[in-house]
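Peer 1: My questions are about this predicted structure, shown below with the sequence.
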Amino acid sequence: MNRNRISFGLRQKIILTFLALGIVVSGALAATSYAILSRSLFSQLQQRVLGLARVAADSLDPEAVARLARTLGGGSTPSEAEASAEYRTVSERLNAVRGVDAQLVRYIYLFVPGPDADAALFLVDADVLADPESEDVSHFGDEFDVSKFPVAARALAERVPLVEETYSPDPDFGVNSLTGYAPVPGLPDAMTAVVGVDMVDTDVRAVLRTATVFSALAIGGTVALTVIASVVLGTLFTRGIVSLDGVVQRFGEDLEARAPVISNDEVGRLGRSFNEMADRIQDEKARQAALHKAAARFVPGEFLKLLGKESIESVQPGDQAALTMTVLFSDIRGFTALAEKMSLEQVFKFLNSYLERMRPEIASVGGFIDKYIGDAIMALFPGRPDDALAAAIAMQRKVPEYNTHRANSGFAPIGIGIGVHAGPLMLGTIGDSARMDSTVISDAVNLSSRLESLTRRYGAGILTSGETVKGLSEPGRFRFRFVDRVRVYGRADTTMVFECLDGDPDEVRERKLSYSGEFARALRFYYKASFKEALDIIVPLSREHGDDMVLHLFRQRCDRHLRKGVNVGWDVETLGEK
């Protein structure tokens, strides 16, 4: 199908129809007038050339013509004949007749029958004496094939005046010519001579050109009047429909648009029907918008886009998409203990108040919440892993602000732990035709959840994996410290665990960074199984920074390894089921 077709409105169609009709009628009238005028001028030219041929034939001296004709075949050369008094007399008479219409008569000549029926001989060409050397003249006795000129042949045979019925084109001069023939009267019975006059259509063309100009002007005037009339009529006929069409066009963007009803005709009834339909559509749109808004609270719009769906209505069980994304898990520390001190109503208010503050921090960097799991948040980030870490940092920085609010209301402060991991996952729907749920299935989800649970062990606010750190687009934006090597239950590969310090209070972050070099040196000794050397660094640090659980953890491990020795795989902490 051609989607590039030009589309015309009703008003344009009416205008174009009237315009086309005016052009066709004007053109037909002009063409008809031109044809009639052309035929009339052609008839007049026929009469004119035929009359001139008769005048020329009647003006000739038949005795001079007869004497000249007898010299044909009598031994006289063309030059001798053309020098004779008879030739000059006939030539002068022919030129005198030419002078009547000198601008139109191209050739005037006298010819007689030739030796056979298909031949004729030139007796006198009126141009010979003026320019005997010209290639365009026909000399005395020159033969021509009269069979190519049927009207000339008839004039010879029947001895009657005749005129050609069609123009003969003359490409050398860019004109058409018309020839008339008239026999010379008074010749002996056995002798025939015919005058030929070739007249060009210069005057006819001039008249036709003038007529064409006037016709063009008439057509132009008619078209102009037609355009004015068609615009006026088209506007009157379609004013109501065009107004209604404009309302319909606006209605696509403005559901408040309504058609003004100013008449009781068909257009008025159509406007009222449209307004009634618009009211119903507006009500249905409002209902659907409310429904979609409600549905989006349960199934995020971003989730649908990642599935390639425009709305929740098109989702079917089993719809899925394989993607690489970053998963963020967060959890409120000690939530169970907090909840035991609150009523159920207070628990729900607390959770909603907390979650209401966390969601904007996730959405502001391109993430979306896949689900709430009690006090936990599972969020997905389709973009860079940097976005998930930025959201985690913003969430941790939001907690002190929220704790101030809680303190003002008489509640204890809270803390949260966040795990971030990037990797391939399968996003889709599970369930049946009666009940479905969105879900994400992946090792990345499991590891992100385990990292979040490890924040309690290491006393960290944000933990992420070495794979995620390697995948950062702008690693310089963040400050990390390595905290452990772990093997998560059900996962064969070792995971390098890093703490992101940017979510900590400024004083805590700067203090951890101040001894990060010493701690890194201790870890190098530790992973070389030089536990005593590692302890020599870790013990003073743990005494000075007693709140750093990572220091205490490695101090305990060094003591244990020194007492009990090490086994295969000692350098990787294996985690059981969560």
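Peer 2: Perfect, I can see it now.

Peer 1: residue contacts, V566?
Peer 2: By CB atoms under 8 Å, 6 or more residues apart in numbering, the contact list for V566 reads A529. No exception for glycine: its C-beta is placed from N, CA and C like everyone else's.

Peer 1: quick one, phi psi at it?
Peer 2: phi -120, psi 150 (degrees, to the nearest 10).

Peer 1: and it, how far is that from L156?
Peer 2: Taking CB to CB, to the nearest Å as the measure, V566 falls 139 Å from L156.

Peer 1: next one: S530
Peer 2: 139 Å.

Peer 1: These two: who's more crowded?
Peer 2: Ranked by neighbour count (other CB atoms under 10 Å), S530 and L156 place L156 first, with 23 against 14.

Peer 1: pretty sure that one contacts P113?
Peer 2: Yes. Between L156 and P113 there is a contact at 5.5 Å, judged by CB atoms under 8 Å.

Peer 1: any common contacting residues for those two?
Peer 2: Counting by CB under 8 Å, 6+ apart, the contacts common to L156 and P113 are A120, T192.

Peer 1: Show me how the record splits the chain into domains.
Peer 2: 10-207, 301-513, 515-578 (automatic domain parsing).

Peer 1: Compare those and give me the one nearest E253.
Peer 2: domain 301-513 (18.8 Å; CB to CB).

Peer 1: Can you check the pLDDT for L562?
Peer 2: At L562, the model reports a pLDDT of 94.

Peer 1: could you point out which element follows whichever strand or helix holds it?
Peer 2: Using DSSP states H and E, L562 falls within helix 549-564. Note on helix 549-564: by DSSP H and E, the next helix or strand toward the C-terminus is strand 573-574.

Peer 1: Mean confidence (pLDDT) on that following strand, please.
Peer 2: 76.

Peer 1: Who are the packing partners of it?
Peer 2: Judged by 3 or more CB pairs under 8 Å, 6 or more residues apart in numbering; DSSP states H and E, the packing partners of strand 573-574 are strand 480-487.

Peer 1: got the angle between the strand it packs on and helix 549-564?
Peer 2: For strand 480-487 against helix 549-564, the angle by axes from the mean of the first three to the mean of the last three CA atoms, to 10 degrees is 40 degrees.

Peer 1: packing partners for strand 480-487?
Peer 2: Counting by 3+ CB pairs under 8 Å, 6+ apart, strand 480-487 packs on helix 443-458, strand 495-500, helix 516-527, helix 549-564, strand 573-574.

Peer 1: so where's the stretch 251-400 of the chain uncertain?
Peer 2: Judged by pLDDT under 70, the stretch 251-400 of the chain has its weakly predicted residues at 252, 286-301, 303, 307-316, 318.

Peer 1: mind listing the helices for it?
Peer 2: With helices called from DSSP state H, counting those that start in this stretch, the stretch 251-400 of the chain shows them at 266-296, 301-307, 335-340, 344-363, 385-408.

Peer 1: Assign a three-state SS to G419, would you?
Peer 2: Three-state assignment for G419 (DSSP: H, G, I helix; E, B strand; the rest coil): strand.

Peer 1: Report how many residues lie close to it.
Peer 2: 26.

Peer 1: Would you confirm that it contacts L451?
Peer 2: Yes. Under the criterion of CB under 8 Å, G419 makes contact with L451 at 3.0 Å.

Peer 1: where do the contact lists of those two overlap?
Peer 2: With CB under 8 Å, 6+ apart as the test, G419 and L451 both reach F329, L463, T464.

Peer 1: Return the distance of the nearest residue to the second one once chain neighbours are set aside relative to L562.
Peer 2: The reference is to L463. Leaving aside its sequence neighbours, L463 sits nearest to L451 (CB to CB, 6 or more residues apart in numbering; 4.5 Å). Remark: distance between L451 and L562 (CB to CB) = 29 Å.

Peer 1: Looking at the two now, which is surrounded by more residues?
Peer 2: The residue with more neighbours, out of L451 and L562, is L451; 29 against 13, by other CB under 10 Å.

Peer 1: The more buried one contacts V420, correct?
Peer 2: Yes. Contact criterion CB under 8 Å: L451 and V420 qualify, at 6.9 Å.

Peer 1: Spit out the residues that contact the two alike.
Peer 2: F329, L463, T464, S465.

Peer 1: Wait, a helix at the third one?
Peer 2: It stands for T464. No. T464 sits outside any helix when classified using three-state DSSP, being strand.

Peer 1: can you pull the contacts of the residue lying closest to I441 once chain neighbours are set aside?
Peer 2: Distance criterion CB to CB, 6+ apart; nearest residue to I441, sequence neighbours excluded, is M426 at 4.7 Å. Counting by CB under 8 Å, 6+ apart, M426 touches Q320, A321, A322, L323, V440, I441, S442.

Peer 1: which among the residues you listed gets closest to S168?
Peer 2: When those are compared against S168 (criterion: CB to CB), the nearest one is A321, at 83.9 Å.

Peer 1: Who does the closest one form a beta bridge with?
Peer 2: Per DSSP bridges, the residues bridged to A321 are L427.

Peer 1: That one and K371: what is the separation?
Peer 2: Using CB to CB, one obtains 17 Å as the distance from A321 to K371.

Peer 1: ok, these two, which is more surrounded?
Peer 2: Counted by other CB under 10 Å, A321 and K371 do not tie: K371 has more neighbours, with 17 against 13.

Peer 1: just checking, the more buried one touches M378?
Peer 2: Yes. With contact defined as CB under 8 Å, K371 counts as touching M378 (5.2 Å).

Peer 1: quick one: buried residues of the helix or strand hosting E533?
Peer 2: Per DSSP H and E, E533 falls inside helix 531-544. By 16 or more other CB atoms under 10 Å, the buried positions in helix 531-544 come out as F531, E533, A534, L535, I537, I538, L541, S542.

Peer 1: could the residues you listed be laid out in JSON lines, adding pLDDT and distance to S79?
Peer 2: Formatted as JSON lines, the buried residues of helix 531-544 follow (pLDDT from 0 to 100; distance: CB to CB, whole Å):
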{"residue": "F531", "pLDDT": "95", "distance to S79": "143"}
{"residue": "E533", "pLDDT": "96", "distance to S79": "141"}
{"residue": "A534", "pLDDT": "95", "distance to S79": "140"}
{"residue": "L535", "pLDDT": "96", "distance to S79": "145"}
{"residue": "I537", "pLDDT": "96", "distance to S79": "140"}
{"residue": "I538", "pLDDT": "95", "distance to S79": "141"}
{"residue": "L541", "pLDDT": "96", "distance to S79": "140"}
{"residue": "S542", "pLDDT": "95", "distance to S79": "143"}
